[in-house]
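S.K.: got a structure for you, letters missing:
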């Protein structure tokens, strides 16, 4: 399935994105390859990208969806918020915030050089930062449980919030790094780097090799969010979400409800 920007499914996804109203599309992709083709067309309608989000990096979630590997979406360059920002949220969608380790690439990982090792990937990383991904559940009904459809919908990405980048970090000590997530100062969940494929760096290795298998490359400057490392957070209007990554710092965002 080679989706184009005038594909009817892309039109439906675009409508959900613009109206912030959940939909159950007519039809949809039946394979991940088809899902990624639709995703590429959908993403292309909404401006340049600045990297990747990796989702379903938790083994339990993979089992629930009947898959054995993560999936990826793209991060839109115009949907990046600074630490402490206030983000408007339309009322027709539920809201999910996910504390995640994020990386910025300092060098290319060219597809022709794959497969990549952990040492190769860590050497290509410029910095690490605490992050919050903002997820919009735009799909409903059967589509909400269809992994290929979720991929087509850019893995439900809406935006992400960046904490302070850190360049002096140890790539092999993140599995045990505790993360404490809170809403309005009340602790909601604790997790650590081991929640995402056992270590966030493993997510990066997986991504580099998965992209290479699809003929794509991670590039210098790309940002990658590596999957939720606590329970997902479901804030409401005017709530503040904060994730404390210990020595790596903290990141927060406040949500502001806007008229539908």
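M.R.: Alright, I've got the coordinates. No experiment lies behind these values; they were computed from the predicted model shown. Residues are numbered from 1 along each chain as shown.
S.K.: Now do the SS call for the residue nearest in space to the middle of the chain.
M.R.: By C-alpha atoms, centre = their mean, the chain has its centre lying nearest to residue 53, at 3.1 Å. Taken by DSSP: H, G, I helix; E, B strand; the rest coil, the conformation at residue 53 corresponds to strand.
S.K.: Spit out the contact partners of it.
M.R.: Each residue near residue 53 by C-beta atoms under 8 Å, 6 or more residues apart in numbering is listed here: 72, 73, 74, 75, 133, 155, 157, 160, 224, 225. Glycine gets a C-beta too; all of them are placed from N, C-alpha and C.
S.K.: How about residue 87?
M.R.: 81, 134, 159, 161, 253, 254, 255, 256.
S.K.: and it, what helix or strand is that in?
M.R.: Taking DSSP states H and E as the definition, residue 87 sits inside strand 86-90.
S.K.: in its sheet, what does that strand sit against?
M.R.: strand 250-258 (parallel) (DSSP bridges).
S.K.: Now do the buried residues in the strand it pairs with.
M.R.: 250, 251, 252, 253, 255 (16 or more other C-beta atoms under 10 Å).
S.K.: Check stretch 92-108 too.
M.R.: Using 16+ other C-beta under 10 Å as the test for burial, stretch 92-108 gives 93, 95, 96, 97, 98, 99, 100, 101, 102, 103, 104, 105.
S.K.: which regions of this protein lie under the pLDDT threshold?
M.R.: Low-confidence segments of the chain (pLDDT under 70): 1-6, 90-91, 172, 258-260.
S.K.: ranges for the helices of it?
M.R.: Here the chain has its helices, by DSSP state H, at 8-19, 32-44, 59-65, 118-124, 147-152, 200-213.
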